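Undergrad: Can you look at this prediction? I've put the sequence above it.
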There are 2 protein chains.
Amino acid sequence: MALIVQKFGGTSVGTVDRIENVAERIKKFRDHGDDIVVVVSAMSGETNRLVALAQSIDEKPHAREYDVLLSTGEQVTIALLSMALNKRGVPARSYTGTQVHILTDSAHNKARILDIEERNMRNNLNEGKVIVVAGFQGVDEEGNITTLGRGGSDTTAVALAAALKADECQIYTDVDGVYTTDPRVVPEARRLDKITFEEMLEMASLGSKVLQIRAVEFAGKYNVPLRVLSSFDEPNFDLDDSSKDSSNGTLITYEEDDMEQALISGIAFNRDEAKLTILGVPDKPGVAYSILGPIGDSNVEIDMIIQNIGADGTTDFTFTVHRNDFEDAKQVLTGVANDLGAREVQGDDKIVKISLVGVGMRSHAGIASKMFKTLAEEGININMISTSEIKISVVVDEKYLELGVRTLHSAFGLEQKTV
Amino acid sequence: MALIVQKFGGTSVGTVDRIENVAERIKKFRDHGDDIVVVVSAMSGETNRLVALAQSIDEKPHAREYDVLLSTGEQVTIALLSMALNKRGVPARSYTGTQVHILTDSAHNKARILDIEERNMRNNLNEGKVIVVAGFQGVDEEGNITTLGRGGSDTTAVALAAALKADECQIYTDVDGVYTTDPRVVPEARRLDKITFEEMLEMASLGSKVLQIRAVEFAGKYNVPLRVLSSFDEPNFDLDDSSKDSSNGTLITYEEDDMEQALISGIAFNRDEAKLTILGVPDKPGVAYSILGPIGDSNVEIDMIIQNIGADGTTDFTFTVHRNDFEDAKQVLTGVANDLGAREVQGDDKIVKISLVGVGMRSHAGIASKMFKTLAEEGININMISTSEIKISVVVDEKYLELGVRTLHSAFGLEQKTV
């Protein structure tokens, strides 16, 4: 007897058979007595097909019309899923972003949700209907169709859950939850029963691509319990029972008393990093801006930043960028070095970042030193270090990625659940 | 300097290349100084693809959701065409049926247009924009997406032309106009420069499938000049100049003084007819209803009806139905014959109907007798005759179809234009 928002991604609705499976799953929840609002993506492959059509007309398609085009993908899915539900005797009603009135700003292709009208949905729910909403799309004040950008369906689901004050927002994917680290790198990686919003944000932004960052932010802001589940497992209605059944997925929520008392929740890593260093910069106020300003102006995003005092009243400055931006950034930086009278520019695009994430760090000292010691014992040299309240990141040579992650996973006992 | 509504069907927008061609054509009209509202269908094959998806879920898909699904076909086309126009520097803006607010009743899959809000379109036109509207779809009072049924894009175009008081509604197809008869049967068939709404209705309902009947009715009711043109010919901006250039297409309008003074405008025919006769029915009031009532109840549409006095105070009754309904209708009629004590039921599903159509008949006697004489001279036996104010139809054995149409076409001189 709960109100649940369930989101099914492109793979979960990729064929008519899978849409029928999703309808079966929803029917079971309905039979169990739950009220269900469903959010779906376009069938997998469909968005790519539409993008290819647009690109064959114009490499940079008109932004407003691009949204009119792309939004048809989800519209097809809501119609088919609603048909499959109605066929099963489950009364269902589809809604496009326009119809459910997901009001967004007018930033086509990357719009942000401003408001959701929940009155119609509430009436439908009271009539016993399942509501099937097209993800990823909205409508602006002038009635123009907008899209939220790729992956926006997660955000739609969370926003609907927030508007309807749903008991839970369930994101169904092809994995069964959030893991302590990537199981392809560490076979002993363990699915987490729970993780906090803050930890999930750090994990997501560091490359664990289970959930869209914006959706997690939104869920955190409006305190929507968010759960990641596999759409291929059997449905589990008693999710509060934290048994070992994998159908529970991973619940993302605020820190609670019964939260696992682990120091570290997981290890994230990012293979796409590159490092740039400018050496011997005359040290004076404003030097950081004069270096990073031109980099930002060339649309390169900067990740980690470190500044050290060098010799002779000069300073050394190191930062990381996405590996794809390495050459561009190096060129800009060489110009900057000339202007500033710096000694030298160095670069390395064969580095990776490994991060420990965990709210337990807040109250426990010694995590960092244990991390550095563990890596040192394996002969892994640390290039850069950066810390936040719930995260410690190190940059190492890319050849040490797997060894580093495995060693840390074992050293912090992540393969075992702490009680 | 005119306001023109142009409709392009599925074949004309069937590929990206053809959409680019349509954009080029529209640009030429814009450069010529015309204001353009475009109505497009789904790309050819797209509607069939969507129908197949729906049918694979449910043989009788939920009517409301079926419309949500099918309406995506036209939405893809309006987006792509608007992109192609904007790329060419022609400012264009797409509208779904919901956005342009084509208000319909709630009869899903076969909705009727009730009203069109032209304010937004008028504003866009004043700003110099080309308006690209999705055909075939509308929205009901509750905001549900509706569709007008197959071929409804013609009706959308005519309705927009009526609402905007456009100078002309141009329907672009893969033929270059309306012909005196099917050129595949009579190679000498001639394209008509003009034809009246009434004649076009008779021609269309008799199987000349150039235009949807509802669109012609709508155009006639609101006096919208309607022109059928080929989307493959070069655009012609001086359509009032009735030169022999095939780009003029055929204008469908009310009878005017300068209308061709032909007695007959064209010859329509229908291969899908079947004939049923009930013989020796005791003649008493209400007998027609007691025969045709049960046929109508079984959802069989009746076309021509003839009643004759038979022998011994009985009556003979003959009618035609679509050939697909022949067996059903025969079974019902056999039951009726038993109930009424009729003598016999006969049937023939190897018949065709040939019709002369022309407003000239109103004022000229002798057309019918010339028709019958012409057919008799070729040894063609007439089974049934039915007449209206501007039409004479005969039913003949199907083997005489081509001979009959060709002989009549020649006898009435349709291959030559009358002055």
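TA: Arrived safely.

Undergrad: Residue A:316: neighbouring residues, count only.
TA: 20 (other CB atoms under 10 Å in any protein chain shown). Quick note: C-beta positions are derived from backbone N, CA and C, even for glycine.

Undergrad: What strand or helix carries it?
TA: According to DSSP states H and E, residue A:316 maps onto strand A:314-322.

Undergrad: Contacts for that strand next, please.
TA: A:272-283, A:287-288, A:291-292, A:295, A:300-310, A:329, A:342-343, A:351, A:353, A:384, A:395 (CB atoms under 8 Å, 6 or more residues apart in numbering or on different chains).

Undergrad: Just the buried ones among those residues, please.
TA: Neighbour counting over those (16 or more other CB atoms under 10 Å in any protein chain shown) leaves A:272-281, A:287, A:291-292, A:295, A:300, A:302-304, A:306, A:329, A:342-343, A:351, A:353, A:384, A:395 as the buried ones.

Undergrad: Return the subset of these lying in helices.
TA: Per DSSP state H, helices hold the following members of the buried ones among the contacts of strand A:314-322: A:287, A:291-292, A:295, A:329.

Undergrad: Dump those into JSON lines; add pLDDT and distance to chain B as well.
TA: Shown next, in JSON lines, are these (pLDDT from 0 to 100; distance: CB to the nearest CB, whole Å):
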{"residue": "A:287", "pLDDT": "81", "distance to chain B": "45"}
{"residue": "A:291", "pLDDT": "89", "distance to chain B": "40"}
{"residue": "A:292", "pLDDT": "87", "distance to chain B": "37"}
{"residue": "A:295", "pLDDT": "89", "distance to chain B": "33"}
{"residue": "A:329", "pLDDT": "93", "distance to chain B": "33"}
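
Undergrad: show me where pLDDT drops low in chain A?
TA: A:150-151, A:205-209, A:236-247, A:256-262, A:311, A:418-419 (pLDDT under 70).

Undergrad: between the longest helix along it and helix B:63-87, how big is the angle?
TA: With secondary structure taken from DSSP H, chain A has its longest helix at helix A:63-87. With axes from the mean of the first three to the mean of the last three CA atoms, to 10 degrees applied, the angle from helix A:63-87 to helix B:63-87 works out at 170 degrees.

Undergrad: near chain B, which residues of the stretch 1-150 of chain A show up?
TA: A:16, A:19-20, A:50, A:53-54, A:56-58, A:61-62, A:64-66, A:68-69, A:71-72, A:75-76, A:78-80, A:82-84, A:86-87, A:93-94, A:96, A:98-99, A:143-145 (CB under 8 Å from any CB of the partner chain).

Undergrad: I'd like to know which of the residues you listed are buried.
TA: A:16, A:19-20, A:50, A:53-54, A:56-58, A:61-62, A:64-66, A:68-69, A:71-72, A:75-76, A:78-80, A:82-84, A:86-87, A:93-94, A:96, A:98-99, A:144-145.

Undergrad: Can you name the element that comes right after whichever strand or helix holds residue A:215?
TA: Using DSSP H and E, residue A:215 falls within helix A:213-221. Later in the chain than helix A:213-221, the nearest helix or strand by DSSP H and E is strand A:226-230.

Undergrad: List the contacts of that next one.
TA: A:158, A:168-178, A:197, A:210-211, A:215-216, A:219, A:239, A:246-253.

Undergrad: what angle separates that strand from helix A:213-221?
TA: Using the same axes, to 10 degrees: strand A:226-230 against helix A:213-221 is 130 degrees.

Undergrad: partner strands of strand A:226-230, parallel or antiparallel?
TA: Here strand A:226-230 is paired, per DSSP bridges, with strand A:168-173 (parallel), strand A:250-253 (antiparallel).

Undergrad: Format the ones you listed as JSON lines; extra columns: mean neighbour count.
TA: As requested, the strands paired with strand A:226-230 are arranged in JSON lines below (neighbours: other CB atoms under 10 Å in any protein chain shown):
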{"stretch": "strand A:168-173", "mean neighbour count": "24"}
{"stretch": "strand A:250-253", "mean neighbour count": "24"}
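
Undergrad: now those in CSV, with distance to residue A:225?
TA: Shown next, in CSV, are the strands paired with strand A:226-230 (distance: least, CB to CB, whole Å):
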stretch, distance to residue A:225
strand A:168-173, 5
strand A:250-253, 5
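
Undergrad: Residue B:390: which of these is closest?
TA: Among the strands paired with strand A:226-230, strand A:168-173 comes nearest to residue B:390, with 63.0 Å by CB to CB.

Undergrad: So which residues of the stretch 1-150 of chain A form strands?
TA: Taking DSSP state E, counting those that start in this stretch as the criterion, the stretch 1-150 of chain A carries its strands at A:3-8, A:35-40, A:92-95, A:102-104, A:113-116, A:130-134, A:137-139, A:145-147.

Undergrad: and those strands as a markdown table, adding distance to residue B:337?
TA: A markdown table is the format used below for these (distance: least, CB to CB, whole Å):
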| stretch | distance to residue B:337 |
| --- | --- |
| strand A:3-8 | 58 |
| strand A:35-40 | 56 |
| strand A:92-95 | 48 |
| strand A:102-104 | 62 |
| strand A:113-116 | 64 |
| strand A:130-134 | 52 |
| strand A:137-139 | 60 |
| strand A:145-147 | 60 |
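
Undergrad: show me what contacts residue A:367?
TA: So residue A:367 contacts A:263-264, A:356, A:358, A:360-361, A:392 (CB under 8 Å, 6+ apart).

Undergrad: So among those residues, which ones count as buried?
TA: For the contacts of residue A:367, buried by 16+ other CB under 10 Å: A:263-264, A:356, A:358, A:360-361, A:392.

Undergrad: quick one, domains of chain A?
TA: A:3-175+A:210-254, A:266-411 (automatic domain parsing).

Undergrad: hey, which of those is tucked in deepest?
TA: Among the domains of chain A, judged by mean count of other CB atoms under 10 Å in any protein chain shown, the one packed with the most neighbours on average is domain A:3-175+A:210-254 (a mean of 21).

Undergrad: End to end on that one, go ahead and measure it.
TA: Taking CA to CA, to the nearest Å, domain A:3-175+A:210-254 runs 19 Å from one end to the other.

Undergrad: And residue A:34, how close does it get to residue A:350?
TA: Applying CB to CB, to the nearest Å, the value for residue A:34 to residue A:350 is 51 Å.

Undergrad: can you check residue A:174 too?
TA: To residue A:350, residue A:174 is 31 Å away according to CB to CB.

Undergrad: Now do the contacts for the residue nearest to residue A:188 when sequence neighbours are not counted.
TA: Among residues not flanking residue A:188 along the chain, residue A:415 sits closest, at 4.0 Å (CB to CB, 6 or more residues apart in numbering or on different chains). Contacts here follow CB under 8 Å, 6+ apart; on that basis residue A:415 touches A:180, A:186, A:188-190, A:409.

Undergrad: who wins for most neighbours among those residues?
TA: Neighbour max across those (other CB under 10 Å) = residue A:180, 26 neighbours.
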